[in-house]
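Visitor: After the sequence you'll find the predicted model.
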Number of protein chains: 2
Amino acid sequence: MKFNISKTDGFARRGVVSFDRGEIQTPAFMPVGTNGTVKALEADNLLETGSEIILGNTFHLMLRPGDELIKDAGGLHTFINWSKPILTDSGGFQVWSLGEIAKISEEGVRFQSPYDGRNIELTPERSIEIQNNLGSDIVMIFDDCTSYPSSHEDAKKSMELSLRWAKRSKNAHQSKSALFGIVQGGMYTDLRTQSLESLMDLDFDGMAVGGLSVGETHQERVKILDHLAPQLPKALPHYLMGVGKPEDIVEAVYYGIDMFDCVLPTRNARNGQLISSFGELNIRNAEHKNSSEPIDPDCICKVCKNYSRAYLHHLDKTKEILGSILSSYHNIFYYQTLMSQIREAIEAESFAKFIKDFYNKRQKLVPEHLQ
Amino acid sequence: MKFNISKTDGFARRGVVSFDRGEIQTPAFMPVGTNGTVKALEADNLLETGSEIILGNTFHLMLRPGDELIKDAGGLHTFINWSKPILTDSGGFQVWSLGEIAKISEEGVRFQSPYDGRNIELTPERSIEIQNNLGSDIVMIFDDCTSYPSSHEDAKKSMELSLRWAKRSKNAHQSKSALFGIVQGGMYTDLRTQSLESLMDLDFDGMAVGGLSVGETHQERVKILDHLAPQLPKALPHYLMGVGKPEDIVEAVYYGIDMFDCVLPTRNARNGQLISSFGELNIRNAEHKNSSEPIDPDCICKVCKNYSRAYLHHLDKTKEILGSILSSYHNIFYYQTLMSQIREAIEAESFAKFIKDFYNKRQKLVPEHLQ
């Protein structure tokens, strides 16, 4: 993996991550393919939206269909028919999401499969093994996601455990794929700095910011991003895990983030929440019943070109699968269009103007910290 | 609408039905788009499968989103983004399917909307009006589907009511679209002949065989098809409504049927039943868990080209929408491939050989009545 930055505008960066399997223009959005499919979308659809990399979930795929099965099938790319790069998470966030039923020890995390009840242990070594079995292009270290809220003491303990796991992940990682570290430390800036500095000694290929989107306030997240922005290693791609809404992405790019993933565009699509340059619209609302308008008149995707809000409203009402397909397609297309516009703005060193226009179109004030 | 037959082989016919919106090569299979979408498939997908005409349901569309709304949206073709021909059924079969809750009178059928409880009356005149509002290319007469089993007396009464409704449908039909009659008469050959002869006096553009796939035995259906085959008007396309399995289609082509529709390929797909030239396979079976084989090694569709049974098994297990999408695509592709092979066989006057090969591949004996 190589990373080249062609332009910066403040902390915002315009770059390219290169793999044998293809290039990723950054800032980049990675659609989430939890179970080996970005929900409701085929590979061809994803390519049409401009997606250049997708995310696969270690936790889900190790349980169903199993990483050995996928390895035997030629790896995740072959299994799911996606020839471009794939980033896999480490399972750390998902086992953390299990809550009480996951038992954390120095060794790793034990839990019962929600599908067949069998006992499973996920350790740094096992997580890396799974990700290599999947044939991931970007492997993530196995980390302990710090709960929110946490005392400074608990956040420190969790962060230090993550660091020890980071070392074990690094030692276990023997393939040619890229390996990213994950900064933890909860809502405490001193812990975030400690985490980042220790990770930098381990020589990772990219640096992720974890432990956000866990229930914190917007202000707290901004505080962490603002604190990390000048410290994140300039030569590495910066990945903000699990974020977020279009506003969150624009904001994080401002703080120097290069890569994003989030289930929001596909999950919201299946719930009738469509995203446009003017904000969100709920296609279930009666106001769309007779509307011949497209979702977003500024969008050039095939859904906006070929279908009315009335038709999408009808598909949602009748619970037709095509509703989920078209809505997911549009939402991912919107996200990729947003990323493309962000990249153009950085190239033109006009990201500040972009932010202003972005908020204006949504009839919102530009937040002070982005001005 | 024009219909030209280029070749016959026994009763089997090879033809072309021409509309302003395009041509249909016959024998033809029409995927069913009940709610204004062939379930889980986009228009582009359908075109790739070789589908040249789809079916829309008057009963469903009049209730949701309503035929007036679709008319205002520019008609069903525009609303659902399908530019090729559409055949609409008359709603007769669906209101019959409602059973007891539908009240049949000379005037028509009264029932309550299953969605909002409002009282609805469907008459021949209203059915034709709806189909014209939808902008259908082939309008079906409103008929009374004869229950199975029925006494000769009841079947006669029902058939005669259908004939009176056929006349009213014909009188109500003032648009340029084609209008097809529907032969009824239950399992009684004398009633079928009476129905057909009376309909022929009304000068329809095509002749459908209705009242089958209602619970009758295979032998009974064959009896009716065998009886009607020499009587159906040679110059008109013959449409067997709601049929059926691949074997049923091959058999009916033998008896001179030109057009088919059935929900089977899409419904079965959503239930994990995949159709191949070797017969059916249930992708849910554990035997497919590790299979790197495609659904059908003889199939050239993108699903068989790009995905293994193991992946489709996984998508089904995880209830992923993509499973329904890919399975529906393959099943419709299989049906259209079958139709294409049938057409080639008739053109080559080798339909008897085709039937033999078709059954051999499925490791079944050719039924005696087709030899």
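Guide: Right, received. Where do you want to start? Numbering: from 1, shown residues only, chains lettered A, B, ... in the order given.
Visitor: buried sites along the lowest-mean-pLDDT helix or strand in chain A?
Guide: Among the helical and strand segments of chain A, the one scoring lowest on mean pLDDT, DSSP states H and E is helix A:92-97, with a mean of 90. The neighbour-count criterion (16 or more other Cβ atoms under 10 Å in any protein chain shown) identifies A:92-96 as the buried residues of helix A:92-97. (Glycine included, C-beta is placed from N, CA and C.)
Visitor: same question for the longest helix seen in chain A, mean pLDDT?
Guide: As assigned by DSSP state H, the longest helix anywhere in chain A is helix A:321-347. Per-residue pLDDT over helix A:321-347 has a mean of 98.
Visitor: Could you give the number of residues near the nearest residue to A:Ile54 once chain neighbours are set aside?
Guide: Closest residue to A:Ile54 apart from its sequence neighbours, by Cβ to Cβ, 6 or more residues apart in numbering or on different chains: A:Gly33 at 4.8 Å. By other Cβ atoms under 10 Å in any protein chain shown, the residues close to A:Gly33 number 27.
Visitor: Test my guess that A:Gly33 contacts A:Ser51.
Guide: No: judged on Cβ atoms under 8 Å, A:Gly33 makes no contact with A:Ser51 at a distance of 10.0 Å.
Visitor: Can you pull the residues of the stretch 151-300 of chain A lying near chain B?
Guide: Within reach of chain B by Cβ under 8 Å from any Cβ of the partner chain, the stretch 151-300 of chain A has these residues: A:289-290, A:292.
Visitor: In terms of residue numbering, what are the domains of chain A?
Guide: Using automatic domain parsing, the domain ranges for chain A come out as A:2-262, A:274-362.
Visitor: And the strands in the stretch 201-350 of chain A?
Guide: Per DSSP state E, counting those that start in this stretch, the stretch 201-350 of chain A carries strands over the ranges A:206-209, A:238-240, A:259-262, A:273-276, A:279-282.
Visitor: Quick one: closest of the ones you listed to B:Gly22.
Guide: Closest to B:Gly22 of the strands of the stretch 201-350 of chain A, according to Cβ to Cβ: strand A:273-276, at 31.7 Å.
Visitor: What pairs with the closest one, parallel or antiparallel?
Guide: strand A:279-282 (antiparallel) (DSSP bridges).
Visitor: same question for the partner strand, mean pLDDT?
Guide: 96.
Visitor: buried residues in it?
Guide: A:Leu281.
Visitor: ok, what's across the strand from the most centrally placed residue in chain A?
Guide: For chain A, A:Asp261 is the residue whose C-alpha lies nearest the centre (Cα atoms, centre = their mean; 1.4 Å). Beta bridges link A:Asp261 to A:Met30, judged by DSSP bridges.
Visitor: Identify the residues contacting A:Pro124.
Guide: A:108, A:141-142, A:165-166, A:168-169, A:172 (Cβ atoms under 8 Å, 6 or more residues apart in numbering or on different chains).
Visitor: With secondary structure added, can I get these in a markdown table?
Guide: What follows is these, written out as a markdown table (DSSP: H, G, I helix; E, B strand; the rest coil):
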| residue | secondary structure |
| --- | --- |
| A:Gly108 | coil |
| A:Ile141 | coil |
| A:Phe142 | coil |
| A:Trp165 | helix |
| A:Ala166 | helix |
| A:Arg168 | helix |
| A:Ser169 | helix |
| A:Ala172 | helix |
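Visitor: For ChimeraX, write the select line for the buried members of those.
Guide: Buried residues among the contacts of A:Pro124 (16+ other Cβ under 10 Å), as a ChimeraX selection:
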select /A:108,141,142,165,166,168,169,172
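Visitor: from the contacts of A:Pro124, which is closest to chain B?
Guide: Of all these, A:Phe142 has the smallest distance to chain B: 23.2 Å, by Cβ to the nearest Cβ.
Visitor: List the contacts of the closest one.
Guide: A:90-92, A:108, A:122-124, A:127-128, A:165, A:168-169.
Visitor: 10 Å instead?
Guide: When contacts are counted by Cβ atoms under 10 Å, 6 or more residues apart in numbering or on different chains, A:Phe142 is found next to A:58, A:89-92, A:95, A:108-109, A:122-128, A:130-131, A:162, A:165-166, A:168-169, A:172, A:182.
Visitor: And it, what's its pLDDT?
Guide: Reading off the model, A:Phe142 has pLDDT 98.
Visitor: Would you mind measuring from it to A:Phe278?
Guide: Using Cβ to Cβ, to the nearest Å, A:Phe142 is found at 41 Å from A:Phe278.
Visitor: same deal with A:Leu41?
Guide: 23 Å.
Visitor: quick one, which of those two is more surrounded?
Guide: More crowded of A:Leu41 and A:Phe278, by other Cβ under 10 Å: A:Leu41, with 25 against 13.
Visitor: The more buried one in helix, strand or coil?
Guide: Once three-state DSSP is applied, A:Leu41 turns out coil.
Visitor: Next up, the contacts around it.
Guide: So A:Leu41 contacts A:31, A:33, A:48-49, A:51, A:54, A:266, A:269, A:324-325, A:328-329, A:332, B:321-322, B:325 (Cβ under 10 Å, 6+ apart).
Visitor: How many neighbouring residues does the residue nearest to A:Arg267 when sequence neighbours are not counted have?
Guide: What sits nearest to A:Arg267 in space, not counting adjacent residues and going by Cβ to Cβ, 6+ apart, is A:Lys39, at 7.8 Å. By other Cβ under 10 Å, 20 other residues sit near A:Lys39.
Visitor: Could I get the contacting residues of A:Lys39?
Guide: So A:Lys39 contacts A:31-33, A:263, A:266-267, A:269-270, A:324-325, A:328, B:320-322 (Cβ under 10 Å, 6+ apart).
Visitor: Of those, keep whichever come out buried.
Guide: Buried, going by 16+ other Cβ under 10 Å: A:31-33, A:266, A:269-270, A:324-325, A:328, B:320-322, out of the contacts of A:Lys39.
Visitor: and of those residues, the nearest to B:Ala102?
Guide: Distance to B:Ala102 across the buried ones among the contacts of A:Lys39 (Cβ to Cβ) is lowest for A:Ser324, with 32.0 Å.
Visitor: so that closest one touches A:Ile283, yeah?
Guide: No: contact criterion Cβ atoms under 10 Å: A:Ser324 and A:Ile283 do not qualify, at 11.2 Å.
Visitor: Give the residues shared as contacts by these two.
Guide: Contacts common to A:Ser324 and A:Ile283, judged by Cβ under 10 Å, 6+ apart, are A:269, A:271-272, A:315-316.
Visitor: Quick check: which ranges of the stretch 151-300 of chain A have low pLDDT?
Guide: Along the stretch 151-300 of chain A, no part satisfies pLDDT under 70.
Visitor: where do the helices sit along it?
Guide: Secondary structure of the stretch 151-300 of chain A by DSSP state H, counting those that start in this stretch: the helices cover A:152-172, A:189-200, A:218-228, A:246-254, A:264-270.
Visitor: which helices and strands sit right next to the longest one?
Guide: Translated: helix A:152-172. In this structure, helix A:152-172 packs against helix A:92-97, helix A:124-134, strand A:138-140, strand A:178-183, helix A:189-200, with contacts taken as 3 or more Cβ pairs under 10 Å, 6 or more residues apart in numbering or on different chains; DSSP states H and E.
Visitor: Show me which residues of the stretch 1-150 of chain A are close to chain B?
Guide: Neighbours of chain B within the stretch 1-150 of chain A, by Cβ under 10 Å from any Cβ of the partner chain: A:33-45, A:60-61, A:63-66, A:68-70, A:72-74, A:78-82, A:115.
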